[in-house]
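Undergrad: Fold the following and give me the result.
(chains A, B and C)
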Amino acid sequence: MRDWPRGVIPFGGDYNPEQWPREVWREDIAAMQRAGVTFVSLGIFSWSWVEPSDGTYDFGWLDEVMGLLAAADIAVDLATATASPPMWLAQAHPEIAPIDHDGQRLWPGSRQAWCPSSATFTAYATRLAEAMARRYHDHPALAMWHISNEYGCHNTPCFCDTCAVGFRDWLRQRYDSLDALNEAWGAAFWSQRYADWSQPLPPRRTPTFPNPGQTLDYRRYQSDALLQQFLAERAVLLEHSPGVPITTNFMTMRHFSHLDYHRWAAHLTEPVDRISTDHYVVDLLADPWAEQAFCGDLTRGIAGGGPWLLMEHSTSAVNWQPVNRPKPVGGTIRDSLTHVARGADMIGFFQWRASRAGAEKFHSALLPHAGEDSARFAEVCRLGEIAGRLGEVSGSRVESQVAILWDYDAQWATQGPALPSAQVQYPDLAIEIHRALRERHVPADVVYPGADLTAYRLIIVPTLYLVSDAHAAAIEAAVATGADVLVTYFSGIVDERDHIRLGGYPGAFRELLGVRSTEFAPLRPGEVVALSGAHSGSVWSEDVALAGAEAVLTFTEGPAAGHAAFTRYAVAPQGGSASGVRWYLATRPDRDTLAEIVGTLCASAGVEPVLPGAPDGVDLTRRRAADGRSWVFAINHTDLARTVPVTGVDLVTGRHTGGQCEVPAGGVAVVRED
Amino acid sequence: MRDWPRGVIPFGGDYNPEQWPREVWREDIAAMQRAGVTFVSLGIFSWSWVEPSDGTYDFGWLDEVMGLLAAADIAVDLATATASPPMWLAQAHPEIAPIDHDGQRLWPGSRQAWCPSSATFTAYATRLAEAMARRYHDHPALAMWHISNEYGCHNTPCFCDTCAVGFRDWLRQRYDSLDALNEAWGAAFWSQRYADWSQPLPPRRTPTFPNPGQTLDYRRYQSDALLQQFLAERAVLLEHSPGVPITTNFMTMRHFSHLDYHRWAAHLTEPVDRISTDHYVVDLLADPWAEQAFCGDLTRGIAGGGPWLLMEHSTSAVNWQPVNRPKPVGGTIRDSLTHVARGADMIGFFQWRASRAGAEKFHSALLPHAGEDSARFAEVCRLGEIAGRLGEVSGSRVESQVAILWDYDAQWATQGPALPSAQVQYPDLAIEIHRALRERHVPADVVYPGADLTAYRLIIVPTLYLVSDAHAAAIEAAVATGADVLVTYFSGIVDERDHIRLGGYPGAFRELLGVRSTEFAPLRPGEVVALSGAHSGSVWSEDVALAGAEAVLTFTEGPAAGHAAFTRYAVAPQGGSASGVRWYLATRPDRDTLAEIVGTLCASAGVEPVLPGAPDGVDLTRRRAADGRSWVFAINHTDLARTVPVTGVDLVTGRHTGGQCEVPAGGVAVVRED
Amino acid sequence: MRDWPRGVIPFGGDYNPEQWPREVWREDIAAMQRAGVTFVSLGIFSWSWVEPSDGTYDFGWLDEVMGLLAAADIAVDLATATASPPMWLAQAHPEIAPIDHDGQRLWPGSRQAWCPSSATFTAYATRLAEAMARRYHDHPALAMWHISNEYGCHNTPCFCDTCAVGFRDWLRQRYDSLDALNEAWGAAFWSQRYADWSQPLPPRRTPTFPNPGQTLDYRRYQSDALLQQFLAERAVLLEHSPGVPITTNFMTMRHFSHLDYHRWAAHLTEPVDRISTDHYVVDLLADPWAEQAFCGDLTRGIAGGGPWLLMEHSTSAVNWQPVNRPKPVGGTIRDSLTHVARGADMIGFFQWRASRAGAEKFHSALLPHAGEDSARFAEVCRLGEIAGRLGEVSGSRVESQVAILWDYDAQWATQGPALPSAQVQYPDLAIEIHRALRERHVPADVVYPGADLTAYRLIIVPTLYLVSDAHAAAIEAAVATGADVLVTYFSGIVDERDHIRLGGYPGAFRELLGVRSTEFAPLRPGEVVALSGAHSGSVWSEDVALAGAEAVLTFTEGPAAGHAAFTRYAVAPQGGSASGVRWYLATRPDRDTLAEIVGTLCASAGVEPVLPGAPDGVDLTRRRAADGRSWVFAINHTDLARTVPVTGVDLVTGRHTGGQCEVPAGGVAVVRED
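TA: The predicted structure is shown next:
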């Protein structure tokens, strides 16, 4: 093995040489070197090529590629190659196919057609992982192991009989007794009582709404089942290739919510494991860059605040959206630096060379169909240069005074059946508030409610529908020691079993916030209601009554007219220590109103921007090393040059800013502060 | 057993104590008494609790609840508990699961996962019904039996092999021979001829349009199969608990059309059986209250004009719509009284106490999550008071001079494959015309075409696409004896086998109406065409030619420009008795035009409002007792107080109106006329 | 057998006497004679009536009908009656049912519920074809054989195990080796390598995108499998009924793309075979008549430019659209003549008498439900008269100087998974450009890229995403010999294996056109971008760079702002012969812009209209006989009379035009030119 590239931000991507004839491989290496590529991820979909039939291995081609990469000093993130099982395995063991909610087998011919609960799959996958580990552990190109790929995309949820058995085992571990299960699921309703452990099922197609507790537990189970698959391969690597870093690429994107990454991350521990993720810009979003920045901060939160690896993103268009837009000029660099600004210590792409055939042939790549003679490849080379100059930021951490809470359990519960409003989407307010902060140049951590919250000046609790007693208490404790808190609508409603917290909404936070509602009044699609002042809200309202809090904004129309829409509750100091201010937001404000609210919150909490007086449209973060050095990242999203008041050397240009860093239109700067 | 509550309009709802710990039960009873609850429906989803394993009964908890209710003088509408089979039954007999149109089994874990044709289910359900009957027939709390729950929601249509066998048996009873079947279904088309009784199938997924005759007969069969399930339980109760009233709750709502309630009602006969229904307000409708009022009148029609029971509605929001709005302040009372005004002799709700878990935890209840300290519970208590004062209206009947015809066979046929226009929805015009009448304070009965039509001054025939010879003749006979009639487009087109009535449209009514069309010209979604005057129509047009009738309105644009849109045909008296005026409406008029048309019809027919000179926005009906006493119900849907010119004692306030009854904004009045 | 009707354009339609009692048959014949019917298609869905049980035939009723038709001198296009298998066959061989993409069996009870690959079906179908051939070969009514009906509607694609086996056989014939298959499908991607011929599958439901190569080959296979079914029946007829013309009706409609009719047509050869098709107007299209005219020209292209038969269209409304509009007055005649104008030598309808039951009872017919006393039947009779006068045009050919290329392979590939934009619909630009030409009175042939292109002055290549090397070379060759060419966006991108042509877009045509792009920039739904001048485009843009060509129009906004949108490349003559001008269009122009572009193209290429100075809104074509006689067809789509400058006898009126042919509002003229 070799070390991970040092002195640079590693730059590269997935490399799939098996898609090309041998003569192209040497061209690849040469072009990689021209582009500044310092790592590749290799072998991710190679199972059918390294093990062409059951137990027969063909490492020859891979040896050759590994040799070429070693010779070129390009580090290899080597896959266990288990992401997609080969045809022979699907043929020999049709029972490993997932069964979807329609009861249909998902056939081979695409990718990842394997059931999360399949022990048969585990046996074959770990056997291959072991063969790979034995073969390449000592290889001079090997720098990291890459287990599987994008777990849970697209083989979960599976509803097959194997999963049913696995689910029952999981339930027996979670619940002491059938009584506890029946109680947790509210099985008294609709005559669903389970009288034997053989009876629980995956939430397959039912005549009408399935049980929400069963549905929630099934999501937990599926995430755990895939985690067990990961851990099985990881154990093999730890045994047969000790000392080599290990990762598996997450998918911290708004539209992916199959895995509880906080729970996974608890199993990925330094020094062995690395948190890595993929991120793709979704053109259909109202503000794709807001989501991108949010997801970077979320990944950092999953990584415990430390650096993480951007395993995949795209240089330009993808192939899976209804309309696949290219990135604008400079967009490749801006997007990459956005991730580094938020803690990424690697810049990876899918993929090195654009495929000429197959389902992803229209996915952009480092090297386009058009070849090196293309504007995009020139931008890629420029990015490679920049990555080569950013090595010093490696290992530094992003600074933030604000925490936004994010919990997959809560997200899953808000996706459950029969809720007050399908208009409530778990990520909406979290991302909107994050954007409003970012526009004020205020960085935020996106963290698990179980994380250490004590250091934050402001805690945002967006749509935390489900909250455990422990998490609610942790939030209260942080407030008690001085943090301000904003809780938004549909938070604290149920416990971790999805049971209503009785006595009035928002149950878990009622006393903390000094408000109480008795009925939700969700707004219709497109419905906007006026608030006091020139403000407005959408999506939600409720009959908020004040129980200590004061109204800052009030609904002046709609089903909750006359009730408070935004409240403030400042509790007098008790025993010397002043607790934080508690805010409750009972609607989704329009953008200007939200900006104003966020301004109010920051002022009240004493939250400061990265730099005072920075211009609009420039995204700012600061990373700080353990030794005190700091770097300000500036991403100019506007089409005008912008001047950022920061003093130091801009690593992108190599020039000292003299206190006024000019960031070109659509450009980036990384200033090591004096 | 005990008597049904007397001297009040019974008030209460579903009670599901098995969802709560024992200590809550006594709180429940106390709160019921505070709220004025006089009945509960008990045990509806209790199968898995009273029969926790095959043949083993646990009545202890139910005995205790029944005892508490008896002690509190709360009447029990006791379920046979068969609505949802327990897990052990699903496990032992997987073949009772319904199979949907996609060919997928509907699994347990929700509710009602049983096949309408299953004799296995019948055996288990009747065994439980017998056990319940034996156990509780003599109980002092028992006032009524409640068989199953909301039949057909959501286990029909089922396409399983058991249903296939049942369907064939049903067909053999309906048709003398295979020739008759082939003729009825038009099997000559597309080579569908059946040569053996083993060949007919449910209308499962086919390459293109299924056979309309088969589809229509299958809907009839599925309704009949569920009716047989009901009758099987009813027979058990008649044997083992003679003398106790029996009901099963219908679902007379616009969006539910799985059962032919007229056919069912023919099997529910006094003195044993009671007609009951559920009604939920659907927020997505353009005018939810129009639908609510219509459905009340439809239920009365099903009940033969006599009183009926409102088994379930909601105090506020439900949980199954995309956005679940709460009811406005006073809405609980207005909606309840709307039903009583239209013949309900009971006010029932789902459910007593809002669940804390399960799929309906966000369904409102008499006692909300917030508890007794809530505005909604206060309104519930006020409603309980009012219900307590309305006992004298029990048994009285609603007066009406207008009949609107409603036929499930016709509805099913209009939902069949390959029709002229998917824009034609069976209920649309019926409900629109009902609303226009209601806005003029003209009550209407919504009745089966086979009902006695002789007493009406005006008969509305909306979209009666399918009509049997007998029904067409009955309408003609009513007109011959003086009733006016309005027939709307797409009526009288086919016979009960869905065979076209040849020679020109509207086949069955062509001569009656003095018009003839040869081609339909349905309008596109959103297309509005001008009529003569300032009028307009949508949805439909056709090339109406006058054959005796005169044109009142004419299409001035669109594909039928120049043809009549609304016609009048007054036939000269023959042999002394004057027959009624016949109107034909070949489009869906805009709201103002329809109001004008309805005004014309009422004037022509001599139809009178409940009260002359009543204000807009107040819904009025009159109920009259056999002894001549009468009560005017006034529901004020406006946010201003309204004065209704009626003289008598308002049972809601207890005050005499002095001729001018002031109904508060959003309020109600029930005036016993002097 | 008898001859096909001579001296007339044969006029008639499907006749389904088995749907009616015997007494109606004689009425039918009489009414046919009144209407001028000269042929019927008989027996299409009669399998279950002529073979009521396995191997038992009942020809009695068919003999009688054939006899009646012979006596009335009405020619019979006699079906092999195999379109829809009878119930007894479905029951005895459930494995012949198709399995759809959801994995669901398509059940009998509709039509065509048989698997394209089923040898069992072939055996039964050919046995019946033989029985029909033996029975009726010598019958005096028999004029043509009609094999099956509308192949591929609606039984393809089928995904059953029989198809899987058939597909594997087909693949083994197409590919020399598994290596070749793996290479063609790009199976290196996502670990899809096939290691054994037993492994390839139909593209059944997969976890995510299926393989595009597999998907494309499967479409080819399904088309071929149905072709084999056709050829099997044809072989039987050739043996047992030699000398009788044979046809099967195609479905050359925009929304039907299951069969490669060019490949089919190669097997239908004169003198035995006739190309026939069905066409139905789709009301949902923005311009249904543009599609109708296009499809006529496409059918002629499939027929190699010679005459073809319009087997089915409708007199008025159909029954399978969401809203089924009737045709306007005169529409029956206009639509029929539109087809004759484009080469049809027959006018056929579905069906003779409107059904009174079954799934198509609301489909219009020659004889409506209303009977002979209807405006539509009068129009039908008028059409019959006209058809009777048009016999002289039979066998003549339509003249055109423009070719529009159409390729089912390319269409299928553009329907494949994971493409740049779902907004790109293969037929859009082809039909739009065809319309723009038609509005200029310029006829066009719609032809296979493999057709002889040498005689055209202008070749249009719309969205030819997939193009083989041979086809690309043929286009180049035509340009080299003087033809101008317009290539539109998303053409020449892949080869016939759906492999990207590397080096820049549009790969196959880059050099020909003198342009090169490196990234697509598809536009979002509804997005319109400005071009230079007052022009605009939608759907598509890309970063076109000029490599020889000059920009005619440029994107001035949107993701390709600054790049060329429409280019012209005129290459200097080489070696004496001037090659044509090459145009590239990188967006979908608005209608006015496209009209201007088409004008420019026609002027540049010297393409002339049918008649100079003809009025707007009149559709013109010219048919010319081998002996030089010519006929101008004029269809007036406006509601004003129009004067067309043509000299000769109008066969419709029988009058000489005197140089100015007045075509009534909504009327037609067919002028034999002097």
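Undergrad: quick one, what contacts the one residue in the stretch 351-500 of chain A that gets nearest to chain C?
TA: As assessed by Cβ to the nearest Cβ, chain C sits closest to A:Ala357 within the stretch 351-500 of chain A, at 2.7 Å. Bear in mind the C-beta positions are built from the backbone N, C-alpha and C, glycine included. Residues in contact with A:Ala357 (Cβ atoms under 8 Å, 6 or more residues apart in numbering or on different chains) are A:Gln19, C:Ala184, C:Trp185, C:Gly186, C:Phe189, C:Pro212, C:Gly213, C:Arg497, C:Asp498, C:His499, C:Ile500.
Undergrad: with those residues in mind, which one is nearest to chain B?
TA: Nearest member of the contacts of A:Ala357 to chain B, counting by Cβ to the nearest Cβ, is C:Pro212, at 25.9 Å.
Undergrad: My read is that that closest one contacts C:His499, right?
TA: No - in this structure, C:Pro212 is not within contact of C:His499 by Cβ atoms under 8 Å, at 9.8 Å.
Undergrad: secondary structure class for the closest residue to A:Gly186 other than its chain neighbours?
TA: In space, and not counting its chain neighbours, A:Gly186 is closest to B:Ala357: 2.7 Å by Cβ to Cβ, 6 or more residues apart in numbering or on different chains. Following DSSP: H, G, I helix; E, B strand; the rest coil, we place B:Ala357 in the coil state.
Undergrad: ok, the nearest residue to A:Leu62 once chain neighbours are set aside to A:Gly13 distance?
TA: Nearest non-adjacent residue to A:Leu62, counting by Cβ to Cβ, 6+ apart: A:Val50, 6.0 Å away. A:Val50 is 20 Å from A:Gly13, where distance means Cβ to Cβ, to the nearest Å.
Undergrad: if you count what's nearby, which of the two comes out ahead?
TA: Neighbours around A:Val50 and A:Gly13, counted as other Cβ atoms under 10 Å in any protein chain shown, are more numerous at A:Gly13. The numbers are 28 against 23.
Undergrad: contacting residues for the more buried one?
TA: Per Cβ under 8 Å, 6+ apart, neighbours of A:Gly13: A:Val37, A:Val40, A:Ser41, A:Glu312, A:Gly348, A:Phe349, A:Phe350, A:Gln351, A:Trp352, A:Ala365, A:Leu366.
Undergrad: per the record, what domains does chain A have?
TA: Chain A breaks down by automatic domain parsing into domains covering A:11-155+A:244-394, A:402-605, A:618-673.
Undergrad: can you put those in TSV and add mean pLDDT?
TA: Shown next, in TSV, are the domains of chain A (pLDDT from 0 to 100):
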stretch	mean pLDDT
domain A:11-155+A:244-394	97
domain A:402-605	97
domain A:618-673	97
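Undergrad: Same list (those domains) but as TSV, adding distance to B:Ser118.
TA: TSV is the format used below for the domains of chain A (distance: least, Cβ to Cβ, whole Å):
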stretch	distance to B:Ser118
domain A:11-155+A:244-394	20
domain A:402-605	26
domain A:618-673	62
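Undergrad: quick one: which of those is nearest B:Gln292?
TA: With respect to B:Gln292, and counting by Cβ to Cβ, the nearest of the domains of chain A is domain A:402-605 at 18.2 Å.
Undergrad: and that closest one, does that touch chain B?
TA: Yes - using Cβ under 8 Å from any Cβ of the partner chain, domain A:402-605 reaches chain B at A:417-423, A:497-500, A:502-505, A:516-525, A:543, A:559.
Undergrad: If you go by neighbour count, which of those are buried?
TA: A:417-421, A:423, A:497-500, A:504-505, A:516-524, A:543, A:559 (16 or more other Cβ atoms under 10 Å in any protein chain shown).
Undergrad: Torsion angles phi and psi at A:His146?
TA: A:His146 has phi and psi values of phi -120, psi 100 when expressed as degrees, to the nearest 10.
Undergrad: Looks like it contacts A:Thr247 (just checking).
TA: Yes - counting by Cβ under 8 Å, A:His146 does reach A:Thr247; the two are 6.0 Å apart.
Undergrad: Chain neighbours aside, what residue packs nearest to the residue in the stretch 401-550 of chain A positioned nearest to chain C?
TA: Residue of the stretch 401-550 of chain A nearest chain C, by Cβ to the nearest Cβ: A:Gly526 (17.8 Å). Spatially, and ignoring its direct neighbours in sequence, A:Gly526 is nearest to A:Ser538 (8.0 Å; Cβ to Cβ, 6+ apart).
Undergrad: A:Pro420 now?
TA: In space, A:Pro420 is closest to A:Phe520, 4.7 Å off (Cβ to Cβ, 6+ apart).
Undergrad: can you pull the contacts of that neighbour?
TA: A:Pro420, A:Ser421, A:Phe490, A:Tyr505, A:Trp540, A:Glu542, B:Ala317, B:Asn324, B:Pro326, B:Phe362.
Undergrad: repeat for A:Cys381
TA: Taking Cβ under 8 Å, 6+ apart as the test, what A:Cys381 contacts is A:Arg34, A:Ala35, A:Gly36.
Undergrad: Could you tell me how far the strand or helix carrying it lies from the centre of the chain?
TA: Using DSSP states H and E, A:Cys381 sits in helix A:375-389. Counting by Cα atoms, centre = their mean, to the nearest Å, helix A:375-389 is centred 26 Å from the centre of its parent chain.
Undergrad: Report the secondary structure state of the residue in the stretch 101-250 of chain A positioned nearest to chain C.
TA: Among the residues of the stretch 101-250 of chain A, A:Ser110 lies closest to chain C, at 3.3 Å counting by Cβ to the nearest Cβ. For A:Ser110, the assignment made with three-state DSSP gives coil.
Undergrad: Relative to chain B, how far out is it?
TA: According to Cβ to the nearest Cβ, to the nearest Å, A:Ser110 and chain B sit 21 Å apart.
Undergrad: for the residue in the stretch 501-650 of chain A positioned nearest to chain C, what are its contacts?
TA: In the stretch 501-650 of chain A, the residue that lies nearest chain C is A:Asp639 (11.6 Å; Cβ to the nearest Cβ). The contact partners of A:Asp639, by Cβ under 8 Å, 6+ apart, come to A:Ala665, A:Gly666.
Undergrad: Cross-check the contact I'm expecting between A:Gly666 and A:Lys327.
TA: No - counting by Cβ under 8 Å, A:Gly666 stays clear of A:Lys327, with 10.7 Å between them.
Undergrad: Can you show me the helices along the stretch 151-300 of chain A?
TA: Per DSSP state H, counting those that start in this stretch, the stretch 151-300 of chain A carries helices over the ranges A:161-174, A:178-185, A:212-240, A:261-265, A:288-302.
Undergrad: just how off-centre is the helix or strand immediately after the last one in the chain within its chain?
TA: Just to be clear, that refers to helix A:288-302. Downstream of helix A:288-302, the next assigned helix or strand under DSSP H and E is strand A:308-312. The chain centre lies 11 Å from the centre of strand A:308-312; the measure is Cα atoms, centre = their mean.
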